[in-house]
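A.B. asks: Pasted the sequence and its predicted model underneath.
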Amino acid sequence: MEQISEKEKVQAYYEKYHWKITFKRMLKDWRVYLMLIPLIFVFALWRYLPMYGLTIAFKQYDTGLGILGSNFIGLAAFNELVNDVLFWKAFRNTFMLSFYGLMFGFPMPIILALLFSEVKNQTYRSILQICSYLPKFVSLVVVTSLVSLLCSERLVDLDGTVAYNGGIITRVLTSLNIIGQDAKLMKDPQYFRAVYQVSGIWEAAGYGSIVYFAAILSISPTNYEAAKMDGANKWAQIRYVTFPGIASTLTIMLILEIGKLFTVGYEKVYLLYNKTNWETSDIVATYVMRAAGMAADGTESILSKAIASSADLFNALIAMLLVIGSNMIARRVSDTSLY
Amino acid sequence: MVKRLDVSELIFKIIAYTLLTIFAIFCLYPFVYAVSSAISGEEAVAAGTIVLWPIDPQFKAFVEVFKSSTFWLCYSNTLFLTVIGTIFSMFVSIFGGYALSKRRIPFNRALNFLLVFTMWFSAGLFATRFFYDKSNEVFKALGIIDEKWLVVIAMGINAYNIILLRNGFSGVPKEIEEAALVDGANEFQIATKVYIPISKATIATVALFYGISRWNGYFWASQVITDYNQKPLQVYIRDFLNTIMAQDSRPVYDGFAQESLFYCMIVSAIIPIIIIYPFIQKYFAAGVNLGGVKE
């Protein structure tokens, strides 16, 4: 009896002085909070304040009045956005780029990791790995410049003489009859997605294989020995030992990749996008840039800022739903999740 | 039976060696091609006949690029952004990550959530740009004319890198901190003298990620920096490509094609990365393995 009331007393004390205690605990660790200040400063000003800026989606923004003072227009900009054929085209292009990325870009690192694990000569394997990681560390400006120059089209003068044979990739593909002689890889919308995916594989597949390679290395060699004893050939070993061994890594990576379906790397698209290929290269981010007058060819109207914000908000909300959803699934499937 | 096993393994091995060798060549080829084009003669570059090796080599294009003072200005701007930017990012991220790793402090969960939330939801291009422009005005009003400071302070700090550091610090046994506390060390001393030296590998990995992304940064720098004298190298290279693509007739140079100039710039932008590459590659695997992040 006595004891319980003692406990209750403590409980009541904590409840009564909850904030005081918390404050005291914070004060005791004031140095830890001080270390947080630069981070809070940067994130508050340049990550969270722009989120408040998204409210421009519901305003007819006027520079003189500021965000708070501008006229509230409700969903007028959203209405305009969802009725814009070009927006849906950009939305579809965004999705298609990520979807093809998932189809072609996702399996490549896994295949590479499988092959790397087969190269038993350590020195040769390191050389191969170092070569394949390199493109990841080169800037997107360099990557896209190389892509534009290597894929540039053949130039023929008016009198029929060839002024320029075209970039090496155009030349090789033409000689293999994969594309016609006057194909314009960088300008023709039908080639954009292929150019984007192949250069994406060139850039990221090698580096992406590290995580799978580590997973394969962690599989115990005795499993392979046992499989061999049971008469499994190489393909059976991959099917019944390697794949189960990397299944959890693979699931997580796949789910996270699905979560990123609407966060296409806009920088690369922006660098490869031009007036002639935008039929397939225009994504939501470039749509926003055009609407807001950030790109060189942007035209502004009264609602353009609100429309740009609406498109941003729309994209960000979908992206967030996908990420949270895929993380919940990842957590359920295996108990590791990224966040 | 045994023989058949050997055959399937042998076939797979041959396939692995062949495909990987092809892939490695595929990865390296554009760089070799760029170097060859940079030092090939005018005719070969203009007609597009280079396949792998340079044709009638010249080094005038490199000389021409290195003579340009704008080039060196942009190069030094990039160096500034890389060195100062990485130091600033590391300062903020190390102390931020350290503080967030302290589960005992009140509001730890909320603060961690606010960090992770920025990975899920971002304000998007327009609003971000809007506030960068506003900050630019404020910086100018405060007397910070150099637009590079906005790039250093406002951009580049990455939630994922902070999580890597936080997890690294969380992995340090609690007893070490308690022992230091008993010895009379305060939280600053514990962070700088105990935790940072212990977590050297994680810190090196994150510094590498920051350094590379600072060196390669293009988009926001191109949007925010208006003064031509403060542009980084990547913006300079991209602007030159735009000039090449937009012009109707080719300007004539002494013994080399205009594209060679461009390839020279690309090569000079990659060289620093190639130089540090052998030293940093041991951290790649570490960086990815740390990716098994858990809240």
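C.D. replies: That came through, no problem.

A.B. asks: Residue of the stretch 151-295 of chain B nearest chain A, please.
C.D. replies: B:Asn216 (3.4 Å; C-beta to the nearest C-beta). C-beta: built from backbone N, CA, C; applies to glycine.

A.B. asks: next one: chain B
C.D. replies: B:Gly124 (2.7 Å).

A.B. asks: mind showing which ranges of the stretch 151-295 of chain B have poor pLDDT?
C.D. replies: The model of the stretch 151-295 of chain B has pLDDT under 70 over residues B:284-295.

A.B. asks: for it, what spans make up the strands?
C.D. replies: Counting by DSSP state E, counting those that start in this stretch, one finds no strands in the stretch 151-295 of chain B.

A.B. asks: Okay, domains of the chain per the record?
C.D. replies: With no chain named, the answer covers chain A. A:2-72, A:83-118+A:206-333 (automatic domain parsing).

A.B. asks: That was the other one, I meant chain B.
C.D. replies: If you go by automatic domain parsing, chain B breaks into B:2-47, B:66-289.

A.B. asks: residues in contact with the residue nearest to A:Asp182 when sequence neighbours are not counted?
C.D. replies: Ranked by C-beta to C-beta, 6 or more residues apart in numbering or on different chains and with sequence neighbours excluded, the top spatial neighbour of A:Asp182 is A:Arg154, at 6.5 Å. Shown in contact with A:Arg154 (C-beta atoms under 8 Å, 6 or more residues apart in numbering or on different chains): A:Val162, A:Tyr164, A:Asn165, A:Gly166, A:Thr170, A:Thr174, A:Gln181, A:Asp182.

A.B. asks: Chain B: which of those residues is nearest?
C.D. replies: A:Asn165 (3.6 Å).

A.B. asks: about what we covered before: what would the domains of chain B look like in a markdown table with mean neighbour count and distance to A:Leu217?
C.D. replies: Shown next, in a markdown table, are the domains of chain B (neighbours: other C-beta atoms under 10 Å in any protein chain shown; distance: least, C-beta to C-beta, whole Å):
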| stretch | mean neighbour count | distance to A:Leu217 |
| --- | --- | --- |
| domain B:2-47 | 17 | 15 |
| domain B:66-289 | 18 | 10 |
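
A.B. asks: Make JSON lines out of those domains and add distance to A:Glu203.
C.D. replies: Converted to JSON lines, those look like this (distance: least, C-beta to C-beta, whole Å):
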{"stretch": "domain B:2-47", "distance to A:Glu203": "9"}
{"stretch": "domain B:66-289", "distance to A:Glu203": "12"}
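
A.B. asks: who's in contact with stretch A:82-102?
C.D. replies: A:81, A:193, A:196-197, A:200, A:257-258, A:260-264, A:269, A:279-287, A:307, A:311, A:315.

A.B. asks: how does it look with 7 Å?
C.D. replies: Residues from elsewhere that reach stretch A:82-102 (C-beta atoms under 7 Å, 6 or more residues apart in numbering or on different chains): A:81, A:193, A:196-197, A:200, A:257, A:261-262, A:264, A:280-284, A:287, A:311.

A.B. asks: same deal with stretch A:182-189?
C.D. replies: A:148, A:151-154, A:169-170, A:191, A:195, A:274, A:276-277, A:279-280.

A.B. asks: 10 Å - rerun?
C.D. replies: A:93, A:144, A:147-156, A:166-167, A:169-170, A:173-174, A:179, A:190-192, A:194-195, A:272, A:274-282, B:245 (C-beta atoms under 10 Å, 6 or more residues apart in numbering or on different chains).

A.B. asks: of those, buried ones?
C.D. replies: The neighbour count (16 or more other C-beta atoms under 10 Å in any protein chain shown) marks A:93, A:144, A:147-154, A:166-167, A:169-170, A:173-174, A:179, A:191-192, A:195, A:272, A:277-278, A:280-282 as buried among these.

A.B. asks: does any part of stretch B:198-207 sit near chain A?
C.D. replies: No - judged by C-beta under 10 Å from any C-beta of the partner chain, stretch B:198-207 makes no contact with chain A; its nearest approach is 12.4 Å.

A.B. asks: chain center to that stretch: distance?
C.D. replies: Put simply, stretch B:198-207 sits 16 Å off its chain's centre (C-alpha atoms, centre = their mean, to the nearest Å).

A.B. asks: In chain A, what residue comes closest to chain B?
C.D. replies: Counting by C-beta to the nearest C-beta, chain A gets nearest chain B through A:Asp312, at 2.7 Å.

A.B. asks: tell me the contacts of that residue?
C.D. replies: A:50, A:53-54, A:56-57, A:284-285, A:287-288, A:291-292, B:122-128.

A.B. asks: for chain A, which spans come out with low pLDDT?
C.D. replies: A:1-4, A:295-302, A:334-339.

A.B. asks: what are the ranges of the strands in it?
C.D. replies: A:59-60, A:71-72, A:155-156, A:162-164 (DSSP state E).

A.B. asks: Distance to chain B added to those strands, as JSON lines?
C.D. replies: JSON lines is the format used below for the strands of chain A (distance: least, C-beta to the nearest C-beta, whole Å):
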{"stretch": "strand A:59-60", "distance to chain B": "12"}
{"stretch": "strand A:71-72", "distance to chain B": "17"}
{"stretch": "strand A:155-156", "distance to chain B": "9"}
{"stretch": "strand A:162-164", "distance to chain B": "5"}
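
A.B. asks: Deepest-packed of those, please.
C.D. replies: Of all the strands of chain A, strand A:59-60 has the most neighbours on average by mean count of other C-beta atoms under 10 Å in any protein chain shown, namely a mean of 20.

A.B. asks: packing partners for that one?
C.D. replies: helix A:66-69, strand A:71-72, helix A:76-82, helix A:304-333 (3 or more C-beta pairs under 10 Å, 6 or more residues apart in numbering or on different chains; DSSP states H and E).
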